[in-house]
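# here's my sequence, what's the structure:
(chains A and B, ligands or ions: 1)
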Amino acid sequence: MVNVAKLEFGIETFGDIVANEDGSLKSAAESIRQIIYEGKIADQYGINVIGVGEHHRPDYSVSSPETVLAAIAAVTKQIKLATAVTVLSSDDPVRVYERFATLDGLSNGRAQVMLGRGSFTESFPLFGYDLTDYDDLFNEKLELYGQLRQEKPVTWSGKFRAALKNQEVYPKTEHGELETYIGIGGSPESIIRAARSGYKVILAIIGGQADRFKPYLDLYHEAAKQLNMPVYPVAVHSHGFIADNGAEAVEVAFKNIKANFDRIGLTRGWAPMSREQFDNETKVGSFYVGNPETVAQRIARTIDLLDLGRFDLVYGAGNQTAAQRERMIELYATKVIPRVKEILQAKAVAK
Amino acid sequence: MTIKRVGILGAGKVGITLAGLALNAGYEVRISGSGTVDKIALTIKMLVPGVIAAENDEVVANSDIVILALPLSRYKNIAATLLTDKLVIDAMNYWWETDGIREEVLAPDSTSSEQVQAYFKDSTIVKTFNHMGYHNLQEDARPQGDPRRKALFVTGNDHTAVDDVAHFVDTLGFDQVIHYNIAAGIMTEPGSPLFGASLDYQTLKHTIDHFDQTEFGKKITAAK
Ligand SMILES: NC(=O)c1ccc[n+]([C@@H]2O[C@H](COP(=O)([O-])OP(=O)(O)OC[C@H]3O[C@@H](n4cnc5c(N)ncnc54)[C@H](OP(=O)(O)O)[C@@H]3O)[C@@H](O)[C@H]2O)c1
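From the prediction side, this is the model:
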């Protein structure tokens, strides 16, 4: 059963370009500075984690999330600093370790690595990798990262990177290991890989009902048991938008989330999002949109249904104004999170 | 033809979703991945209990209909002779994440299912299930007559086979818009307004009937 006292709540941004009030767009540099400010207020409101994505595209401002997180670290006290996600397949695990160990040092142990395969292809040609090695790249690098994370001399060889012979990596962290999540989508293979890795799991639910993941989580538990690996409460991340007025929230979200999904769809060849599809996602699917009460009810339902330990709301999709983004963070922290806990507490008592 | 036993090659997102739908519809269902049974056994047991995990040969040998639910870049790993004389559903599309560079997977001058049909030359290929996302396939399946029922495009060169598959699609929970031309499958490939959409019968039929007026349709006409 959900442990309300231990529940964590996060926000995540993919670094979408922020809009001015007149609809024109801010620069990538301004958008990055906006994220630093949002990290600061999120920390003041007591949100547990902020995650920043890695993209190498014109419509997102952040390609180097640890740098952004380092700046947030300097203006915050408690909030954990996560990537959402680090595209491990096209990165060098040694560098990943070094960057996060540095972030961990300067933030007093608040760094959180979230490893994933990413959902964009741009990083592959950019860093000289072949997309057809998609699976092999991730598996090999995940294994090397796992060894580096033990912070002992590493001897390793593989296909995609120079071998290491009894090599130390620095700096060592104060707590002996970097907190690490593995980010996964809907494939059964990825959840078994996550169980095998022994890392905490964050599940991206970006379409459809949370209900369909129930058997996947059973699979995670069963696989971990068979592999003799630890099981952690699972985290979920999904898109959302909150405003004081529910109808207004829906309109802002429709315009922005649709624009965001359609733009990505264009490169993948999938059809633009219909209003029916969007409404379905906000009513029973994976978009958490509305006034604080509506969003709290829906988040509480998902947490209870999937027995989660953490929920991250992806904010700022499309081109939202700074005011919309900041108000959303405030409502999430001051209204939604306490209300979610209240609902879950009442449920726990009833049980 | 009466279809009683369904075989699915590919135990990923789509394969498992279709296995669940077929099981619910009362079929005997077998499924395989690229490797041995033990690689998929736990997944199948947990996600679609009742479906039989097997290897490709066993799946094909015990099925009245076979569904290709593996990445487009991988179907040539299956010997063409394995599917000789079989009724086969092609649920595959080109998809960057698994298939890599498009030109390496698909010849530019024909459609994906034509290429699949040409490879499995002694099998009867019908294309369907490919244009709806797997979570829509799972969540939108409805009994006949349900006002919220969605529709799938079904096409192939063999009349009887297309009709049999259309009936099969019906039993899994979807209306059908039918064509008798495998090349018509292009209308549901990536880039089409139908790809990744979950539409009711009227909307799907209307788009198919007026396909040359869509942006994608115009592009295809221009390329001819
Ligand atoms: N995802 C969707 O929403 C969707 C919707 C409609 C159609 N489709 C199409 O359906 C196909 C499958 O997509 P997916 O999303 O289900 O992919 P997926 O999750 O990656 O699953 C692919 C499955 O195919 C298996 N496979 C690979 N080579 C094989 C072989 N030679 N014999 C038997 N099985 C083999 C893989 O097994 P291993 O893991 O052992 O390699 C894996 O289980 C693709 O062509 C896709 O375009 C996808």
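
# residues from chain B in reach of chain A?
B:11-13, B:16, B:42-43, B:46-47, B:73, B:95-98, B:100-101, B:104, B:133-136, B:138-139, B:189-198 (C-beta under 8 Å from any C-beta of the partner chain). The C-beta positions use only the backbone N, C-alpha and C, and glycine is treated the same way.

# of those residues, buried ones?
With burial judged by 16 or more other C-beta atoms under 10 Å in any protein chain shown, the buried subset of those is B:11-13, B:16, B:42-43, B:46-47, B:73, B:95-96, B:98, B:100, B:133-136, B:138-139, B:189-198.

# out of those, which are close to the ligand?
B:11-13, B:95, B:98, B:133-134 (C-beta under 6 Å from any ligand atom).

# pick out the most distant pair among the residues you listed.
Farthest-apart pair in those is B:Ala11 and B:Gly133; separation 17.9 Å (C-beta to C-beta).

# quick check: closest non-adjacent residue to B:Glu215.
Leaving aside its sequence neighbours, B:Glu215 sits nearest to B:Pro193 (C-beta to C-beta, 6 or more residues apart in numbering or on different chains; 7.6 Å).

# mind listing what that neighbour touches?
Counting by C-beta atoms under 8 Å, 6 or more residues apart in numbering or on different chains, B:Pro193 touches A:271-272, B:207, B:214-216.

# neighbour count, pLDDT and secondary structure added to those residues, as CSV?
Output for the contacts of B:Pro193, formatted as CSV (neighbours: other C-beta atoms under 10 Å in any protein chain shown; pLDDT from 0 to 100; DSSP: H, G, I helix; E, B strand; the rest coil):
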residue, neighbour count, pLDDT, secondary structure
A:Ala271, 22, 91, coil
A:Pro272, 15, 92, coil
B:Thr207, 22, 97, helix
B:Thr214, 16, 94, coil
B:Glu215, 10, 92, helix
B:Phe216, 20, 92, helix
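
# ok, now which ones touch residue 7?
As the question left the chain open, I've gone with chain A. With contact taken as C-beta under 8 Å, 6+ apart, A:Leu7 is in contact with A:303, A:308-311, A:340-341, A:344.

# try chain B instead
Residues near B:Gly7 by C-beta under 8 Å, 6+ apart: B:29-32, B:59-60, B:62-63, B:65-67.

# quick check: chain neighbours aside, which residue is closest to residue 25?
You didn't say which chain, so I picked chain A. In space, and not counting its chain neighbours, A:Leu25 is closest to A:Ile17: 5.2 Å by C-beta to C-beta, 6+ apart.

# I was thinking of chain B, sorry if that wasn't clear
Nearest to B:Ala25 is B:Thr171, by C-beta to C-beta, 6+ apart, at 4.7 Å.

# neighbours around that neighbour, how many?
A count of nearby residues for B:Thr171, using other C-beta atoms under 10 Å in any protein chain shown, gives 16.

# tell me the secondary structure for it?
Using DSSP: H, G, I helix; E, B strand; the rest coil, the structure places B:Thr171 in helix.

# distance of it from B:Asn136?
As judged by C-beta to C-beta, to the nearest Å, B:Thr171 and B:Asn136 stand 18 Å apart.

# write out the residues of the stretch 201-350 of chain A neighbouring chain B.
With C-beta under 8 Å from any C-beta as the criterion, the stretch 201-350 of chain A meets chain B at residues A:207-209, A:212, A:215-216, A:218-219, A:222-223, A:226, A:265, A:268-272, A:274, A:277.

# of those residues, select the buried ones using a PyMOL command.
Only the buried entries of these go into this PyMOL selection, using 16+ other C-beta under 10 Å:
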select buried, chain A and resi 207+208+209+212+215+216+219+222+223+265+268+269+270+271+277
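
# mind checking which of the residues of the stretch 201-350 of chain A next to chain B are in strands?
Assignment to strands by DSSP state E places none of these there.

# which of the residues of the stretch 201-350 of chain A next to chain B fall in helices?
Cross-referencing these against helices under DSSP state H gives A:215-216, A:218-219, A:222-223, A:226, A:265, A:268, A:277.

# nearest to chain B among these?
Among those, A:Leu219 lies closest to chain B (C-beta to the nearest C-beta), at 4.2 Å.

# what's the separation between that closest one and B:Thr43?
A:Leu219 is 6 Å from B:Thr43, where distance means C-beta to C-beta.

# quick revisit: possible to save the ones next to the ligand among the buried ones among the residues of chain B next to chain A as a markdown table with pLDDT?
Below are those laid out as a markdown table (pLDDT from 0 to 100):
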| residue | pLDDT |
| --- | --- |
| B:Ala11 | 97 |
| B:Gly12 | 95 |
| B:Lys13 | 95 |
| B:Trp95 | 86 |
| B:Thr98 | 75 |
| B:Gly133 | 95 |
| B:Tyr134 | 95 |
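
# got those as TSV, with secondary structure columns?
Below are those laid out as TSV (three-state DSSP):
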residue	secondary structure
B:Ala11	coil
B:Gly12	coil
B:Lys13	helix
B:Trp95	coil
B:Thr98	helix
B:Gly133	coil
B:Tyr134	helix
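
# ok, of the residues you listed, which one's closest to the ligand?
Ranked by distance to the ligand (C-beta to the nearest ligand atom), those are led by B:Gly12 at 1.7 Å.

# so what's the closest one up against?
Neighbouring residues of B:Gly12 by C-beta under 8 Å, 6+ apart: A:187-189, B:33, B:69-70.

# from the residues you listed, which land in helices?
A:188-189.

# what would the contacts of B:Gly12 look like in a markdown table with distance to the ligand and pLDDT?
Output for the contacts of B:Gly12, formatted as a markdown table (distance: C-beta to the nearest ligand atom, whole Å; pLDDT from 0 to 100):
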| residue | distance to the ligand | pLDDT |
| --- | --- | --- |
| A:Ser187 | 5 | 88 |
| A:Pro188 | 8 | 91 |
| A:Glu189 | 5 | 90 |
| B:Gly33 | 4 | 97 |
| B:Ala69 | 5 | 98 |
| B:Leu70 | 4 | 97 |
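
# want to throw the contacts of B:Gly12 into a markdown table with neighbour count?
A markdown table is the format used below for the contacts of B:Gly12 (neighbours: other C-beta atoms under 10 Å in any protein chain shown):
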| residue | neighbour count |
| --- | --- |
| A:Ser187 | 15 |
| A:Pro188 | 26 |
| A:Glu189 | 16 |
| B:Gly33 | 24 |
| B:Ala69 | 26 |
| B:Leu70 | 24 |
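
# which SSE is immediately downstream of the helix or strand of chain B with the lowest mean pLDDT?
Using mean pLDDT, DSSP states H and E, the weakest-scoring helix or strand in chain B turns out to be helix B:96-99, at a mean of 76. Moving toward the C-terminus from helix B:96-99, the first helix or strand encountered (DSSP states H and E) is helix B:102-105.

# can you show me the helices along chain B?
Using DSSP H, the helices of chain B run over B:13-24, B:37-47, B:56-61, B:96-99, B:102-105, B:112-119, B:134-140, B:159-172, B:201-209, B:215-223.

# with the stretch 51-200 of chain A instead?
Remark: helices assigned in the stretch 51-200 of chain A by DSSP state H, counting those that start in this stretch are A:65-74, A:93-106, A:123-126, A:134-148, A:188-197.

# out of the ones you listed, which comes closest to B:Ala184?
Minimum separation from B:Ala184 across the helices of the stretch 51-200 of chain A (C-beta to C-beta) falls at helix A:134-148, 30.9 Å.
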